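**Q** give me coordinates for this.
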Amino acid sequence: MKVERLEVTAYTVPTDSPEADGTLAWDATTVVVVEAHSAGTRGLGWTYAPAAAGPVVRDLLCGQVVGRSALDVAGANEAMSRAVRNAGRPGLVACAISAVDLALWDLKARLLGQPLVHLIGAVRAEVPVYGSGGFTTYHDTHLATQLTGWVHGHGIQRVKIKIGESWGRAVERDLARVRHARQTIGPHAELYVDANGAYTRKEAVRVGRALAEQGVGWFEEPVSSDDLEGLRVVRDQVVCDVAAGEYGYDLSYFGRMAPAVDCLQADITRCGGITVWLRAAAVAEAHGLELSGHCAPHAHAHAAACVPNLRHLEWFHDHVRIESEFFTGSLDPTGGVVRPGASGEPGHGMTFRHEAATAYRVL
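**A** Here you go, the predicted model:
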């Protein structure tokens, strides 16, 4: 069984309201979809990246994958990684590799008639998730509605909001929003924040001390993830767990990041797919750390059930909208966990509904 062809499309979907974090604002999300074909079977992968990732798949990666055994996913990943040396792997190219890798894992599991979680090898049946959104553009009522839906509607007892508004220049509003979030979810649910690298080192330490008063347990990217020393400084000065790693586009990144954080993050749709994400989990475990899956929860769910040091997955608002509306086979987070493979469907159990997304197609 050989990979016969790769097909790639891209769709830009407007957000349901304007969104922003500490360092970026946006009003649409682009998903690049890759489908790998073999023996009448189709495997599905995707990444959240500019549509320009599509031509990378067509022009740089297809030749490394088509004609190769559909069962040799690790070999395909290595071939793709070597082929892009002069193109520059970090960023767009890594996202393209990730989408192809995910499609190949799904294809392999479907060809073998197994849920992907069983093919990799599960260590747990349930994968914990946390609700993620709380954008800085939300007014208090919007924020409360979203948080209430997660905590009291779905029973997800872990939620995250964005802070660091305007590159860290609105600290009072940041802290007021944290207080409002705590009042909304009550004293027992876990509250997380993500500054997206907006603060300076000392500002992050000051904010971190205020966050502790509200029982915040997770402080994501308090300073830029490029500032490893700064992450270490903040980690050592605050009570909250400091987390980072979402911009890891190759394995060595996680080796550099691990000594600077309390919990390592990795994104299957960026780092090189399931193949590299599983290796990143091993890097984290070697440093005595847990791993958290960043965004794209359905891309992560099966692999997440297969690593012993998983902390949780991010049930990110934008990506959940897309994965629920334009994919079939989405998971149910009720109770704060998902159960990948429980349906018995082969692969990751999802298909992309091209006809439903036609109006948003850009590639």
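
**Q** strands along the stretch 101-250 of the chain, start to end?
**A** Taking DSSP state E, counting those that start in this stretch as the test, the strands found in the stretch 101-250 of the chain are 127-132, 158-162, 190-194, 216-220, 241-244.

**Q** mind putting the ones you listed into CSV with mean pLDDT, mean neighbour count and distance to residue 290?
**A** In this view, the C-beta of every residue, glycine as well, is placed from N, C-alpha and C. Shown next, in CSV, are the strands of the stretch 101-250 of the chain (pLDDT from 0 to 100; neighbours: other C-beta atoms under 10 Å; distance: least, C-beta to C-beta, whole Å):
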stretch, mean pLDDT, mean neighbour count, distance to residue 290
strand 127-132, 98, 26, 11
strand 158-162, 98, 25, 13
strand 190-194, 98, 24, 14
strand 216-220, 98, 24, 11
strand 241-244, 98, 24, 9
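
**Q** for residue 338, list each beta-bridge partner.
**A** On the basis of DSSP bridges, residue 338 is bridged to residue 127.

**Q** all further residue positions should be reported with the first residue as 197.
**A** Fine by me, first position is 197 from now on; the one you just mentioned is residue 534.

**Q** that one - how many residues pack around it?
**A** 24 (other C-beta atoms under 10 Å).

**Q** again, but for residue 383
**A** Residue 383 is flanked by 9 other residues according to other C-beta under 10 Å.

**Q** excluding chain neighbours, what is closest to it?
**A** Excluding its sequence neighbours, the residue lying closest to residue 383 (C-beta to C-beta, 6 or more residues apart in numbering) is residue 411, at 7.2 Å.

**Q** who are the contact partners of that neighbour?
**A** Contact analysis of residue 411 by C-beta atoms under 8 Å, 6 or more residues apart in numbering lists 378, 383, 387.

**Q** would you check that the first one makes contact with residue 389?
**A** Meaning residue 378. No - counting by C-beta atoms under 8 Å, residue 378 stays clear of residue 389, with 10.8 Å between them.

**Q** show me the helices in the stretch 197-346 of the chain, by range?
**A** 249-252, 258-261, 269-279, 288-307, 312-316, 336-344 (DSSP state H, counting those that start in this stretch).

**Q** could you identify which of those helices is most buried?
**A** Ranked by mean neighbour count under mean count of other C-beta atoms under 10 Å, those are led by helix 288-307, which reaches a mean of 28.

**Q** dump that helix to PDB, keeping only the CA atoms.
**A** In PDB, the C-alpha atoms belonging to helix 288-307 read as follows (Å, rounded to 0.1, in the frame of the first residue of the first chain):
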ATOM      1  CA  LEU A 288       4.800  28.000   7.500                       C
ATOM      2  CA  VAL A 289       6.800  25.000   6.300                       C
ATOM      3  CA  ALA A 290       6.600  23.200   9.600                       C
ATOM      4  CA  CYS A 291       2.800  23.700   9.600                       C
ATOM      5  CA  ALA A 292       2.600  22.100   6.100                       C
ATOM      6  CA  ILE A 293       4.700  19.100   7.300                       C
ATOM      7  CA  SER A 294       2.400  18.800  10.300                       C
ATOM      8  CA  ALA A 295      -0.800  18.600   8.300                       C
ATOM      9  CA  VAL A 296       0.700  16.000   6.000                       C
ATOM     10  CA  ASP A 297       2.000  14.000   9.000                       C
ATOM     11  CA  LEU A 298      -1.400  14.000  10.600                       C
ATOM     12  CA  ALA A 299      -3.000  12.900   7.400                       C
ATOM     13  CA  LEU A 300      -0.500  10.000   7.100                       C
ATOM     14  CA  TRP A 301      -1.200   8.800  10.600                       C
ATOM     15  CA  ASP A 302      -4.900   8.900  10.000                       C
ATOM     16  CA  LEU A 303      -4.400   7.100   6.700                       C
ATOM     17  CA  LYS A 304      -2.300   4.300   8.300                       C
ATOM     18  CA  ALA A 305      -4.800   3.700  11.100                       C
ATOM     19  CA  ARG A 306      -7.700   3.600   8.600                       C
ATOM     20  CA  LEU A 307      -5.800   1.100   6.400                       C
END
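
**Q** list the helices and strands that helix packs on?
**A** Using 3 or more C-beta pairs under 8 Å, 6 or more residues apart in numbering; DSSP states H and E, the elements in contact with helix 288-307 are strand 201-216, strand 221-234, strand 237-244, helix 249-252, helix 269-279, helix 312-316, helix 464-467, helix 470-482.
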